[in-house]
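S.K.: Show me the folded form of this:
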Amino acid sequence: MPDGTGDPAIRRFLSEDLLDAVIRIALVAFLVFACLRIFAPFVNLVLWGLILAVAMYPLHRRLSTRLGGREGLAATGIVLASLLLLGLPTLALSSLFAGQMHAAYTAFAAAAVTITPPDPSVAAWPLIGDRLFAAWSAAATDLRAFLESLKPQLGDVVRRVLSTAAGTMADVALFLASLVVAGVMMAYGEPGGRAAGRVLDRLAGRVSGPRVYRLITATIRSVAVGVIGVAFVQALLLGVGFALAGIPAAGLLALVAMLLGIAQVPALVVSLPAVAHLWWTGDAAIASNVAWTIYLLVAGMSDNALKPLLLGRGVDSPMPVILIGVIGGMIAAGMVGLFLGPVLLAVGYQLFMSWIGREEIEPAGEAAATAES
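M.R.: Have a look, this model is predicted:
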């Protein structure tokens, strides 16, 4: 029985056309792979720049309108103001922290640090009183020997702290650099928006493309406002608590809490040392210390309650979808996932609901056509 390969057209397809198609597909795949490898080191920078550009674009448009349509000047002004408001405090805090760490290390090395013996009432504290009193007394008696006994544990703690600090500073540096990229994108916002709209029209169709475009921009702006708003409110709560509880440098600590909140670092990093300072000094009554401890811990964890209230405003997707996208995105991709997660989940949710709606409409249309016929 003939297999059909004797046809010249089939032989040509199997020998020439198929080979040409395979070679072209392989070349395109290699080109895409090479472009992705070259672009990979800049993915986070460009994504952050795009996120910031979308979030700040309404402000850019209002400012450029007041400046007579000079979009480049408006973008430059926003970037410079952002760098001054965020960059200079960050550099000042980094320099201050490095100086304090160096001074502390020098003091410990010279055995110039003295610790006041604890009050006997510390031993009466519930749960931790006895152990804390013993450790505090040992440190007050011979600090060098006490630190030597804790050397293995301190080594692990120091390594973790340094690793966390290095990662946080890298994220802050990336954020500041992405502000410059966002300025360039905002300066070319109109053509960039049209290009993004054409891409989404090709991917989602001319009907769904504009809707997906609006959904993406609204989600990014909602998450950005939610993140910055939560960081500001949390820093305000902590700053008031620090000031009233008598914590030194309350305003500086509140600014640190806000910067950490924007970087999605838990504010407990600031509130827990403040609580430790309250108990360590032992100047106030135990009831006062307990009250301020509860307040600072609640304020340090208030973002868990504030994010559901501020995230998702103005987005045509349910709040649980946005919140799950934020949490899941952070777990999967870190800080960038904070924005990519809700965007992808919101777009997927809308496409799924549109598909379900179309499935419901099509049978009704077919039934109506059958009835008319």
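S.K.: how close does residue 246 sit to residue 278?
M.R.: Counting by C-beta to C-beta, to the nearest Å, the gap from residue 246 to residue 278 is 8 Å. All C-beta spots, glycine's among them, are computed from the backbone N, C-alpha and C.
S.K.: cool, and residue 326?
M.R.: According to C-beta to C-beta, residue 326 stands 32 Å off from residue 278.
S.K.: What of residue 39?
M.R.: Distance from residue 39 to residue 278, by C-beta to C-beta: 49 Å.
S.K.: same deal with residue 172?
M.R.: For residue 172, the distance to residue 278 - C-beta to C-beta - is 28 Å.
S.K.: Give me the more crowded residue out of residue 39 and residue 278.
M.R.: Shown here are residue 39 and residue 278; by other C-beta atoms under 10 Å, residue 278 has more neighbours (20 against 10).
S.K.: do you know how far the nearest residue to that one once chain neighbours are set aside is from residue 38?
M.R.: Counting by C-beta to C-beta, 6 or more residues apart in numbering, the nearest residue to residue 278 once its immediate chain neighbours are dropped is residue 289, at 5.2 Å. Distance of residue 289 to residue 38, given as C-beta to C-beta: 57 Å.
S.K.: same thing with residue 344?
M.R.: The separation that residue 344 has from residue 38, given C-beta to C-beta, amounts to 24 Å.
S.K.: Distance check, residue 43 against residue 182.
M.R.: 15 Å.
S.K.: should've said residue 352
M.R.: 31 Å.
S.K.: now do residue 226
M.R.: Distance from residue 226 to residue 182, by C-beta to C-beta: 18 Å.
S.K.: Can you pull out the residues in contact with stretch 286-302?
M.R.: The set of residues external to stretch 286-302 that reach it, using C-beta atoms under 8 Å, 6 or more residues apart in numbering, is 121, 125, 233-234, 237-238, 241-242, 244-245, 266-268, 270-272, 274-275, 278-279, 284.
S.K.: Swap in 7 Å and give it another go.
M.R.: If you take C-beta atoms under 7 Å, 6 or more residues apart in numbering as the criterion, stretch 286-302 is touched by 234, 237-238, 241, 245, 267-268, 271, 274-275, 278-279.
S.K.: circling back to that earlier point, looking at residue 43 and residue 182, which one has more neighbours?
M.R.: residue 182 (26 against 11).
S.K.: which stretches of the stretch 201-350 of the chain form helices?
M.R.: 250-262, 268-281, 286-300, 303-310, 319-372 (DSSP state H, counting those that start in this stretch).
S.K.: nearest to residue 217, of these?
M.R.: The minimum distance between residue 217 and the helices of the stretch 201-350 of the chain falls on helix 319-372, with 9.4 Å, by C-beta to C-beta.
S.K.: any idea how far residue 196 lies from residue 180?
M.R.: With distances taken as C-beta to C-beta, residue 196 is found 20 Å from residue 180.
S.K.: Skip the chain neighbours and tell me the closest residue to residue 130.
M.R.: Distance criterion C-beta to C-beta, 6+ apart; nearest residue to residue 130, sequence neighbours excluded, is residue 123 at 5.8 Å.
S.K.: The one you found: neighbour count?
M.R.: The number of residues packed near residue 123 is 15, by other C-beta under 10 Å.
S.K.: quick one, what contacts residue 201?
M.R.: Going by C-beta under 7 Å, 6+ apart, residue 201 touches residue 209.
S.K.: Tell me the spacing between it and residue 24.
M.R.: Distance from residue 201 to residue 24, by C-beta to C-beta: 26 Å.
S.K.: Could you list the low-confidence segments of the stretch 1-150 of the chain?
M.R.: Judged by pLDDT under 70, the stretch 1-150 of the chain has its weakly predicted residues at 1-17, 90-114, 142-144, 146-150.
S.K.: cool, and the stretch 151-300 of the chain?
M.R.: 151-158, 161-169, 263-264, 282-284.
S.K.: hey, where'd the strands end up in it?
M.R.: Using DSSP state E, counting those that start in this stretch, no strands are found in the stretch 151-300 of the chain.
S.K.: tell me the contacts of residue 75?
M.R.: Contacts of residue 75 (C-beta under 7 Å, 6+ apart): 60, 183, 186-187.
S.K.: Using TSV, lay out those together with neighbour count.
M.R.: As requested, the contacts of residue 75 are arranged in TSV below (neighbours: other C-beta atoms under 10 Å):
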residue	neighbour count
60	22
183	24
186	27
187	20
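S.K.: For residue 84, state which of those residues is nearest.
M.R.: Taking C-beta to C-beta as the measure, residue 84 lies nearest residue 183 of the contacts of residue 75, at 13.4 Å.
S.K.: just the CA coordinates of stretch 200-207, formatted as CSV?
M.R.: In CSV, the C-alpha atoms belonging to stretch 200-207 read as follows (Å, rounded to 0.1, in the frame of the first residue of the first chain):
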residue,chain,number,x,y,z
LEU,A,200,-1.7,44.2,24.8
ASP,A,201,-4.0,44.6,21.8
ARG,A,202,-2.0,42.0,20.0
LEU,A,203,-2.0,39.7,23.0
ALA,A,204,-5.5,40.1,24.4
GLY,A,205,-7.3,41.5,21.3
ARG,A,206,-8.6,45.0,20.5
VAL,A,207,-11.6,44.5,22.8
